[in-house]
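>>> coords please:
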Amino acid sequence: MNNPRPSDLNEAQWQAVCHEGSHLMIVAGPGTGKTHTLTHRIVRILGGHVPNSKNEFGTCPHLLAITFTNKAAQEMRKRLEAKVPQLWKHVTVGTFHRFALSLLREFSEHTPLPNNFQIALPEDIQGFLEEIFPHKTSAQRKETVEEISLLKSTQLVIDANEDYQRYHRFLHSRGLIDFDDILRETLLLLENEDVAAVIRQRYPYIFVDEYQDINIVQNALLKCLVGGLGQPMYGRTDGSPLLTAIGDPNQSIYGFRGSQVKLFHRFQEDFPGTTVMQLNENYRSTVNLLTASTQIISVGAYCNTPLHAEMIDEGRLVIHEAATDRAEAEYIAHQIELLVGGVSMFSQDSNRVETYRQAHRSFGDMAILYRLNAQKNVVMEALEHLGIPYAVSAKGKIKGVETQNFASLQQDQKDEIFLQQFEETIDYNVEKVSLLTLHAAKGLEFPVVFIVGCEAKLLPLDFNDMKGDPQEERRLFYVGMTRAKEHLYLTRAGRRQLFGQTFFNPPSMFLADIEEDLKAYENSKLRRRLSKSKEAEKQQLKLF
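The predicted model follows:
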């Protein structure tokens, strides 16, 4: 423990890396080096810097690191391989589903599943629905399957649901499970204490990234995996692993998938003896952007220690109101054109933009974020009109594998294809602007970010039959804002067309929560309107 602190870790990060003797929760805001800190902690334990880090057989301990996306798992493997090339294979890194599936395959004889159980692809399930629910319409079947999926992620016991039972029996009678069943079947498996004991002995240390995204089934899985009192691995009396979790409750945005931020807050209750540490030095965003985003989230139900910007530049926050959604998209396209120094000879010849020599941004430096996928269409048209290249997030697939050849693949290849079906990916390229939903942007960062549709009905979402939880919508907006490193544009349209309807929405309530001195307006009307709105709010508060 007398080792000097590495130059790439600040004091708070170093304390978290060196912690011993209990479970650890690291509360880490955006841009504070979550993955960096977690990786260093794994390396420290793996590399033998913790006293007695070698077990009784004289070998390096095997560690388990759980992430929420395949992309995050791949990034962690790369970092570990670079730091400890001789030891990184002692770490099992993967998503909850990937790890759980490996256990089901390994211990299949201890489950009610057949040894050669298969995983139903989404298209397979769609083909079964008419047979499972013959008396429902197509729309009702889709809604039913979505409800079943949410039930599987939010409830440990759901035997009383008739639709669930019918669906469950149908799949099992054919030796099939679906995506959600992977976790539920593993939870049942770990009720076998003999199996659970083998897993606990195998992984003396468990690490979980992005803990704020956890759902109740994943939480139950971790409690089974950790077991006991969570005493230190060496010299402990009960053989239970130590758990390190890291995350930020202010970035909990996946309630629609079953994640529950309350599970983050009750971590100390679920894992007694936990030590809580905080990382609050932000290395991503400039001062003004960090201050503005902090003002947004501080209105929420939970706000950890305020973040401190390590960047010297102030940064720029631009508020822009356009007459229509098309005008909004054109404004964004022209701003991108200006930032890169022009995309055509016409632009330079007409003196509309700076020359290439003066440009300091590439297309890959920029991202356009939106609440609903339907918003991107007019944006794409505007970008195409100016010849600006872009990439849009889409469901991932394994390249080079055709679905019709699926049956001939090995089991591990089939499992890989299935797991990739549920990953949001984007063709990242330094020569393309990224178009992403606010949800898909989580975990990413860009020097320049545009958030379109900063207006009522969209942020927070309350559009037709789509309504988001108010606090989660605020956290989602916060996530979007904190993707920006230097320049953030918050835009809106006076008139917007969506799903064949025309809407005249006022500015988003979130805009009024940002201090006026932090905003650079490119539309004086909007400034006056927001100022009046804020003043009216202050007057109302005086009445109480």
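
>>> low-confidence ranges in the stretch 301-450 of the chain?
301-305, 342-359, 394-407, 421-423, 425-430 (pLDDT under 70).

>>> Could you pull out the buried residues of stretch 377-385?
Of the residues in stretch 377-385, 378-380, 382-383 count as buried by neighbour count, 16 or more other CB atoms under 10 Å. For every residue, glycine as well, the C-beta is placed using N, CA and C.

>>> which outside residues touch it?
Stretch 377-385 is contacted by residues 325-326, 328-330, 332-333, 336, 368, 370, 389-390, 392, 433, 435, 452 when judged by CB atoms under 8 Å, 6 or more residues apart in numbering.

>>> Let's see that with 6 Å instead.
Where contact means CB atoms under 6 Å, 6 or more residues apart in numbering, the residues beyond stretch 377-385 that reach it are 325-326, 329-330, 333, 368, 390.

>>> ok, these vs residue 20, which is closest?
Using CB to CB, residue 368 is the member of those that sits closest to residue 20, with 44.8 Å.

>>> Which parts of the stretch 101-250 of the chain are helices?
Using DSSP state H, counting those that start in this stretch, the helices found in the stretch 101-250 of the chain span residues 122-132, 138-154, 162-173, 179-189, 193-202, 216-226.

>>> what about the fifth one, average pLDDT?
Averaging the model's pLDDT scores along helix 193-202 yields 92.

>>> what's next to that helix, contact-wise?
Contact partners of helix 193-202, identified using CB under 6 Å, 6+ apart, comprise 62, 107, 110, 189-190, 224, 227, 241.

>>> Highest neighbour count among those residues?
residue 241 (25 neighbours; other CB atoms under 10 Å).

>>> Please tell me how far it sits from residue 216.
Residue 241 sits 21 Å away from residue 216 when distances are taken as CB to CB, to the nearest Å.

>>> tally of neighbours for residue 36?
Here the number of neighbours of residue 36 (other CB under 10 Å) works out to 17.

>>> swap in residue 449?
As a burial measure, residue 449 scores 28 neighbours (other CB under 10 Å).

>>> And what about the most centrally placed residue in the chain, helix, strand or coil?
With distances taken as CA atoms, centre = their mean, the residue of the chain nearest its centroid is residue 442 (4.6 Å). The assignment at residue 442 comes out as coil when based on DSSP: H, G, I helix; E, B strand; the rest coil.

>>> dump the residue contacts of it.
Taking CB under 6 Å, 6+ apart as the criterion, residue 442 is in contact with residue 479.

>>> What's the separation between it and residue 275?
Using CB to CB, residue 442 is found at 26 Å from residue 275.

>>> JSON lines please, covering the contacts of helix 193-202 and showing pLDDT and distance to residue 489.
Converted to JSON lines, the contacts of helix 193-202 look like this (pLDDT from 0 to 100; distance: CB to CB, whole Å):
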{"residue": "62", "pLDDT": "87", "distance to residue 489": "47"}
{"residue": "107", "pLDDT": "95", "distance to residue 489": "52"}
{"residue": "110", "pLDDT": "94", "distance to residue 489": "55"}
{"residue": "189", "pLDDT": "95", "distance to residue 489": "49"}
{"residue": "190", "pLDDT": "94", "distance to residue 489": "48"}
{"residue": "224", "pLDDT": "93", "distance to residue 489": "46"}
{"residue": "227", "pLDDT": "81", "distance to residue 489": "49"}
{"residue": "241", "pLDDT": "89", "distance to residue 489": "46"}
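
>>> now, which of the residues you listed sits nearest residue 509?
Looking at the contacts of helix 193-202 and their distance to residue 509, the nearest is residue 224, at 42.0 Å (CB to CB).

>>> What residues sit buried inside stretch 500-510?
Within stretch 500-510, the residues scored as buried using 16+ other CB under 10 Å are 503, 505, 507-510.

>>> neighbouring contacts of the host helix or strand of residue 264?
Assigned by DSSP states H and E, residue 264 belongs to helix 261-265. In this structure, residues lying in contact with helix 261-265 by CB under 6 Å, 6+ apart are 211-212, 214, 219, 249, 252.

>>> hang on, the earlier thing: the residue nearest to the centre of the chain and residue 308: what is the separation?
Here the criterion is CB to CB. By it, residue 442 lies 22 Å from residue 308.

>>> what does residue 269 give?
Residue 269 sits 30 Å away from residue 308 when distances are taken as CB to CB.

>>> what about the two, which has more around it?
residue 308 (12 against 9).

>>> residues in contact with residue 22?
Applying CB under 6 Å, 6+ apart, we find residue 22 in contact with 273, 275.

>>> how far away is it from residue 87?
Relative to residue 87, and taking CB to CB, residue 22 is found at 24 Å.

>>> One more: residue 418?
Using CB to CB, one obtains 30 Å as the distance from residue 418 to residue 87.

>>> what about these two, which has more around it?
The residue with more neighbours, out of residue 418 and residue 87 and counting by other CB under 10 Å, is residue 418; that gives 22 against 18.

>>> From the chain's centroid, how far away is the helix or strand just after the helix holding residue 264?
Next in sequence after helix 261-265, counting helices and strands by DSSP H and E, comes helix 267-270. Here the centre of helix 267-270 is set off from its chain's centre by 22 Å, with CA atoms, centre = their mean, to the nearest Å.

>>> Please apply the same query to stretch 445-452.
The gap between where stretch 445-452 is centred and where its chain is centred comes out at 16 Å by CA atoms, centre = their mean.

>>> Show me what counts as buried in that stretch.
446-452.

>>> ok, residues contacting stretch 105-123?
Counting by CB under 6 Å, 6+ apart, the neighbours of stretch 105-123 from elsewhere in the structure are 175-178, 189, 192, 195, 418.

>>> So which bits of the longest strand seen in the chain are buried?
Secondary structure of the chain per DSSP state E: the longest strand is strand 484-498. Along strand 484-498, these residues count as buried under the neighbour rule (16+ other CB under 10 Å): 484-494, 496, 498.

>>> what do you get for stretch 133-151?
Taking 16+ other CB under 10 Å as the criterion, stretch 133-151 shows 133, 141, 144-145, 148-150 as buried.

>>> any weak-confidence spans in the stretch 151-300 of the chain?
Regions of the stretch 151-300 of the chain meeting the criterion pLDDT under 70 cover residues 228-239, 300.
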